[in-house]
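Enquirer: Show me the folded form of this:
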Amino acid sequence: MNASMLSYILFSCLLLSVQAEFCGVREIIRYTQHLLGDSSLSCPCRQTATSSCSCLPIPERGHELACFVDGTKHLMENNKSSNPVITRLYQTFQALLDRKLCKRLAHDDQCQYETKGNVKEFLEKIVTTYQEIDK
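Expert: Residues are numbered from 1 along each chain as shown. The predicted model follows:
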């Protein structure tokens, strides 16, 4: 069994605890930091179609979950090799938004943002948002 499959299985098991924990803070932080370890994520965001780098929404306060859903969905659809960690993050954010489980994040269904960033900046926003919840 390879490492990505193992992480997928572990994350699947941990996902079951999300409902009890409501926000899934520790798991989301851990798996987002795992993705941040991938050096290919730091290329610059360019708004033009010629760039292979994704430009993802950096959410305004109150729109975090909706933007995290949109951003991870974009990553899932545009990732050449399917990444089970991104898929699980997307499913977790979607479940949290749909079920309004995480009371500390507002539940606006529309992603609103003033800026876009590269994948690394987007993932760092997820980590900082969830670290604030964890305090």
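
Enquirer: Every contact and neighbour count from this point should use C-alpha atoms.
Expert: Fine.

Enquirer: Find the least confident helix or strand in the protein, judged by mean pLDDT.
Expert: Lowest on mean pLDDT, DSSP states H and E among the helices and strands of the chain sits helix 18-21, with a mean of 44.

Enquirer: Could you tell me what pLDDT the model assigned to R46?
Expert: Looking at R46, its pLDDT stands at 67.

Enquirer: so D109 makes contact with A66?
Expert: Yes - the criterion here is Cα atoms under 8 Å, and D109 meets it with A66 at 5.4 Å.

Enquirer: Give me the common contacts of these two.
Expert: By Cα atoms under 8 Å, 6 or more residues apart in numbering, D109 and A66 have these common neighbours: L97.

Enquirer: Give the buried residues for stretch 30-41.
Expert: Y31, T32, Q33, L35, L36, L41 (16 or more other Cα atoms under 10 Å).

Enquirer: What average pLDDT does that stretch get?
Expert: What stretch 30-41 shows for mean pLDDT is 82.

Enquirer: can you pull the contacts of the closest residue to D108 other than its chain neighbours?
Expert: Distances taken as Cα to Cα, 6 or more residues apart in numbering place H63 nearest to D108, at 5.8 Å, with adjacent residues excluded. Contacts for H63 (Cα under 8 Å, 6+ apart) come out as A106, H107, D108, D109, Q110, C111, Q112, Y113.

Enquirer: Same check on L36?
Expert: L36 sits next to K120, L123, E124 when contact means Cα under 8 Å, 6+ apart.

Enquirer: ok, 7 Å please
Expert: Applying Cα atoms under 7 Å, 6 or more residues apart in numbering to L36 gives the contacts K120, L123.
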